[in-house]
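> Sequence and predicted structure are below.
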Amino acid sequence: MGRRSFGRAIALGAVFALVVSSAASAIDPIDDGALPIVSDAEEHRVHDQHGGEGGHLPASDLNVELVGKARINQDQEGRVADVGVLGNYAYLAAWSSPRCQKGGVYVFDINDPTNPKQINFIRTANDSYSGEGIQAIHLSTSAWTGDLLAFNNEDCLNNAGKTSKHSIGGFTLVDVTNPKTHKYLVEGFGDRNTPTLTDEADAHEIHSIFVWEDDNGTESDHSDDRAYAVVTDNEEDIDTDIFDITDPRNPFMVAEFNMDVEFPQIVQADLGAGSSFLHDEIVKKIGDDYVMLLSYWDGGYVTLNVNDPANPEYIGDTDFTNPDPELLESIGTMLPPEGNGHQAEFSLNNDFLVVADEDFGPYAPFLSIDGGSSTPFSAGVATGPQLEEGDTLSGGTRFGGTGCDAGTFPAPAGATIAVVERGTCTFQVKLDNASAAGYDAAIIFNSADPAASPNCEGLVNMAATTDILAFFVARSVGYSILGVPGYVPANCPAGVNPALPAAGTAGEPIEITVAFDGWGYVHLYANGAGKMTELDTYAIPQAHDPAFASGFGDMSVHEVAMSEVQNDLAYFSYYAAGFRVARIVNDELVEVGHFIDAGGDGGNNFWGVQVWQHAGQEYVLASDRDFGLYIFQYTGP
């Protein structure tokens, strides 16, 4: 897809989704049939919960008042993404669905919360759209004063060679001091300094942006204030980019980091670094310090001191408990955690982190090598037979070399699974030869060729049709299955790794199983230095009930917004499970409110959630992907 794959990948059969752990995927220069992997989690799939009785949970409400709602002026399902708010105006991202036309930001006047009205639409460039990164903030710096709207730009063409003449990447800053007559300050600004770019007109695509103002310790005097933006770079491992936007008309890069390298303690050994990358970020002033909170997917949630944004200092981070605590509590199943750290916030008093793990795949594949423990399995696929719930693939393995010559392809000799290296010929040739030789399945592992795109640990899907099970895996997985010790991912493609065995060599026996592991859910952590303590997890009941694995929309949490007046109150956008409210009671998350609309066809599909203070009351804005803006107020104790 030309960008980071955020979570579970393409569906296999009716219920099976594979984990994606690649960075940018593209067509290999040798044209071997490599296809970009499209991530369900990044795609935020177009759902049908407004379209029929089986597509959503029943309407319900508890301790939540629907104050007002307004439809966007484009009647297209899946159109709405994130929501931001400033003063009496709400800003909703126009996402890529359904045809990636007219991306941008819808602007609503919400001065009367019971009657919100759309008053403007702020366009992105053609072939670009906005999604996660919507923020409106008042700045008063040494160079500029006004209301600023910041949003991300992603490419409708999915970064496939950057062939568009109109998409821009980067971030856009807009003067919305008068939201009805906006003024662009800078468009498509971002990182252009790496060789991953093939079109110098485009900055790297970004997935999210957060802006903050550094008051230099004097909140009443803004003459020396500076402002910064941190963004998620989709196109490289150095994915945490920080910019100085003190003058938003003339931003410049301050620093860029790969947090796995900068702070290796965040990498969780049992999940590895393959899917440890930045997804979302916020910055909050806590005491005299500016603290950045990064949602670093399988790397967990990371806090940094960014008083000097060019030199962040590690404060703390989280690990995902193994076995998965919510699965163990909900259905008594012991499985490894998936990770999927999507978005997070501090509580009002900063003593808690409440975080949302996004997961669109309620079933997951697990790989065991030579009778070892089952671990989440990362792969791309070809067109052909797929594993479904309850299926198992097991057997001996044999190395087929590059597998390009049918006449020399090793016979199974008791093995049932061929293990083949990418390169030299197409995936179709490799799979045809493995099938003709009599194997039941083929596992193709990535090449170390520097010209391969991606190489080594990256993943692709295979443009091939086969009559046997087929998986594409990272090079490190191939080495493990072949039983070759000493492989170091950091040494690929440069550096030295052990030699592969001769074609025909037996590898280790393996077993791939598919198990129900539920949808994404919420964690509660005690905020602190070093490794933080997990206090509790929270999920709606349906999220860990196999009966709700399909037919009801997505049962995953997406975002959290913490109350600005009560330290123990959290609000959640929960996709097809609606709007949810929870309290922290004795270090546990307890649901105290919920809402799913009965209007229209019924159901909701919430992406974003944002707290709003107005006329002495706390309201919560939520963005419904298929409708527009909702305004809620929690009415419970």
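Sure, I can see it. Residues are numbered from 1 along each chain as shown.
> Tell me what Gln617 is bridged to.
Here Gln617 sits in beta bridges with His614, going by DSSP bridges.
> typo on my end, Asp624
Applying DSSP bridges to Asp624 gives these bridge partners: Phe606, Gly628.
> Check the separation of the first and last residues in stretch 95-104.
7 Å (Cα to Cα, to the nearest Å).
> now swap in stretch 438-451 and tell me
Stretch 438-451 has an end-to-end distance of 32 Å (criterion: Cα to Cα).
> which parts of it are buried?
Within stretch 438-451, the residues that qualify as buried are Tyr439, Asp440, Ala441, Ala442, Ile443, Ile444, Phe445, Asn446, Ser447, Ala448, Asp449, counting by 16 or more other Cβ atoms under 10 Å. In this view, the C-beta of every residue, glycine as well, is placed from N, C-alpha and C.
> which ones among the residues you listed are found in strands?
Among the buried residues of stretch 438-451, the members falling in strands are Ala441, Ala442, Ile443, Ile444, Phe445 (criterion: DSSP state E).
> Asp280: which of those is nearest?
Asp280 lies nearest to Phe445 out of these, by Cβ to Cβ, at 31.1 Å.
> Quick check: bridge partners of the closest one?
Note on Phe445: beta-bridge partners by DSSP bridges are Glu421, Val473.
> Redo the buried residues of stretch 438-451 as TSV? Include distance to Asp112.
Putting the buried residues of stretch 438-451 into TSV (distance: Cβ to Cβ, whole Å) gives the following:
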residue	distance to Asp112
Tyr439	67
Asp440	65
Ala441	61
Ala442	62
Ile443	60
Ile444	59
Phe445	60
Asn446	56
Ser447	60
Ala448	62
Asp449	61
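> What is the neighbour count of Phe252?
10 (other Cβ atoms under 10 Å).
> which stretches of the stretch 51-200 of the chain aren't confidently modelled?
The model of the stretch 51-200 of the chain has pLDDT under 70 over residues 51-55, 157-166, 194-200.
> Repeat that for the chain.
The chain contains residues with pLDDT under 70 at 1-30, 36-55, 157-166, 194-201, 217-219.
> Phi, psi for the residue located most distally from the centre of it please.
Distance from the centre of the chain peaks at Gly407, with 44.0 Å (Cα atoms, centre = their mean). Note on Gly407: backbone dihedrals following degrees, to the nearest 10 are phi -70, psi -20.
> Tell me the spacing between it and Ala464.
According to Cβ to Cβ, to the nearest Å, Gly407 and Ala464 sit 20 Å apart.
> how about the spatially closest residue to Phe548 that is not a sequence neighbour, secondary structure?
Take Phe548 and drop its neighbours on the chain: the residue closest to it by Cβ to Cβ, 6 or more residues apart in numbering is Gln542, 4.0 Å away. Per DSSP: H, G, I helix; E, B strand; the rest coil, the secondary structure class of Gln542 is helix.
> if I pick Gln542, what's in contact with it?
By Cβ atoms under 8 Å, 6 or more residues apart in numbering, the contact set of Gln542 is Leu57, Phe548, Phe552, Met555, Ala577.
> Mind picking the one among those residues that's closest to Val176?
Checking the contacts of Gln542 against Val176 by Cβ to Cβ gives Ala577 as the nearest, at 32.1 Å.
> my read: the closest one touches His558, true?
No: using Cβ atoms under 8 Å, Ala577 is not in contact with His558; the gap is 9.9 Å.
> Which of the two has more residues huddled nearby?
Using other Cβ under 10 Å, the more surrounded residue of Ala577 and His558 is Ala577, with 32 against 26.
> Let me see the contact set for that one.
Counted by Cβ under 8 Å, 6+ apart, Ala577 has contacts Leu57, Ile540, Gln542, Ala543, Gly553, Met555, Val557, Ile596.
> Mind doing that once more with 10 Å?
49, 56-57, 60, 519, 539-543, 548, 552-558, 594, 596, 603-606 (Cβ atoms under 10 Å, 6 or more residues apart in numbering).
> swap in Asp432?
Residues in contact with Asp432 (Cβ under 10 Å, 6+ apart) are Gly403, Ala406, Phe409, Thr426, Ala442, Ala464, Thr465, Thr466, Asp467, Ile468.
> domains in the chain, as residue ranges please.
The record's domain parsing of the chain by automatic domain parsing lists 8-42+371-515, 44-362+517-634.
> Looks to me like Ala434 is in a helix.
Yes: according to three-state DSSP, Ala434 belongs to a helix.
> Surely it is in contact with Gly401?
No: counting by Cβ atoms under 10 Å, Ala434 sits too far from Gly401 to count as a contact (11.3 Å).
> For these two, indicate the residue with more neighbours.
Ranked by neighbour count (other Cβ under 10 Å), Ala434 and Gly401 place Ala434 first, with 29 against 22.
> Tell me the spacing between that one and Ala379.
Applying Cβ to Cβ, the value for Ala434 to Ala379 is 16 Å.
> Leu62 now?
Taking Cβ to Cβ as the measure, Leu62 and Ala379 are separated by 41 Å.
> likewise Glu187?
Noted for Glu187: a distance of 38 Å to Ala379, by Cβ to Cβ.
> These two - which one has more neighbours?
Neighbours were counted for Glu187 and for Ala379 using other Cβ under 10 Å; Ala379 has more, 26 against 17.
> and that one, what are its phi and psi?
The phi/psi pair for Ala379 (degrees, to the nearest 10) reads phi -160, psi 160.
> That one and Ile481 touch, don't they?
No: between Ala379 and Ile481 there is no contact under Cβ under 10 Å: 11.7 Å.
> Mutual contacts of these two, please.
Common neighbours of Ala379 and Ile481 are listed as Leu367, Ile443, Phe445, Val473 (criterion: Cβ under 10 Å, 6+ apart).
> Among these, which pair sits farthest apart?
By the measure Cβ to Cβ, Leu367 and Phe445 form the most distant pair in these, at 12.6 Å.
> Return the distance of the closest residue to Ile510 other than its chain neighbours relative to Gly483.
Leaving aside its sequence neighbours, Ile510 sits nearest to Ile369 (Cβ to Cβ, 6+ apart; 5.4 Å). Look at Ile369 and Gly483: by Cβ to Cβ, they are 8 Å apart.
> Check Met253 too.
45 Å.
> What of Arg398?
12 Å.
> before we move on, what about Thr465?
30 Å.
> Same question for Asn491.
Going from Asn491 to Gly483 by Cβ to Cβ gives 19 Å.
> Brilliant, that's me finished.
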